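Participant: sequence isn't available, so here's the structure alone:
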């Protein structure tokens with residue numbers, strides 16, 4: 001292999017990673033249109049000028065079988081060949097194909113903005129348990145952690161002592177001394 005050339009096995013690894021992204025039942029052998037578009041977007045195959053998301057969808061529809069919703073790795077390579085000609089105009093077919101492979105190799109699906117938590121002043125104010133009043137104030141301890149069931153319900157004291165008695169639990173000690 002020449003310097004800078006990329007093997008099909010490396011591209012197939014990236015294909016499998018994108019094929020299983022977001023689908024628990026996927027095997028990695030076939031890729032749906034959504035994941036193909038994600039691969040093209042995440043690997044910068046779509047540039048907004050020469051190759052757009054519409055071009056990606058059209059090429060996907062062209063290479064897949066009539067009634068199928070997924071493409072195999074061979075069909076994926078056909079799609080890349082078509083996109084390479086559009087993305088790298090003025091280059092030879094093989095050179096454009098290798099450059100497109102170079103964009104895809106080693107990439108994985110990204111999750112952008114999915115795990116971020118909203119940090120708005122209104123949300124902070126509403127979830128600050130130190131500012132709670134009334135019956136809700138008793139549901140949290142001093143650190144702001146919830147008390148669980150003890151904070152939601154009045155649990156009766158069934159120890160046998162009167163509620164205001166300070167020496168509860170000391171009877172056994174007094175009996176042992178005597």
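Facilitator: Alright, I've got the coordinates. All figures in this text were calculated on a predicted structure; none of them were measured in a lab. Residues are numbered from 1 along each chain as shown.
Participant: okay, and the nearest residue to residue 18 once chain neighbours are set aside sits in which element?
Facilitator: In space, and not counting its chain neighbours, residue 18 is closest to residue 39: 4.3 Å by Cβ to Cβ, 6 or more residues apart in numbering. All C-beta atoms are positioned from the backbone trio N, CA, C, and that covers glycine. Using DSSP states H and E, residue 39 falls within helix 33-42.
Participant: show me which residues of that helix are buried.
Facilitator: Buried residues in helix 33-42, counted by 16 or more other Cβ atoms under 10 Å: 35-40, 42.
Participant: how about residues contacting that helix?
Facilitator: Residues outside helix 33-42 that contact it (Cβ atoms under 8 Å, 6 or more residues apart in numbering): 14-15, 18-19, 21-23, 31, 45-46, 51, 53, 56-57, 60-61, 64, 69, 71, 76, 79, 83, 104, 107, 109-110.
Participant: what about the chain, any weak spots by pLDDT?
Facilitator: 1-5, 112-119, 151-152, 157, 159-161, 163-164, 177-178 (pLDDT under 70).
Participant: what about the helices in the protein?
Facilitator: Taking DSSP state H, the helices of the chain run over residues 8-20, 33-42, 53-63, 73-87, 93-104, 121-127, 149-152, 171-177.
Participant: roughly how far does residue 35 sit from residue 17?
Facilitator: Residue 35 is 10 Å from residue 17, where distance means Cβ to Cβ, to the nearest Å.
Participant: please enumerate the shared neighbours of the two.
Facilitator: Residues touching both residue 35 and residue 17 (Cβ under 8 Å, 6+ apart) are residue 109.
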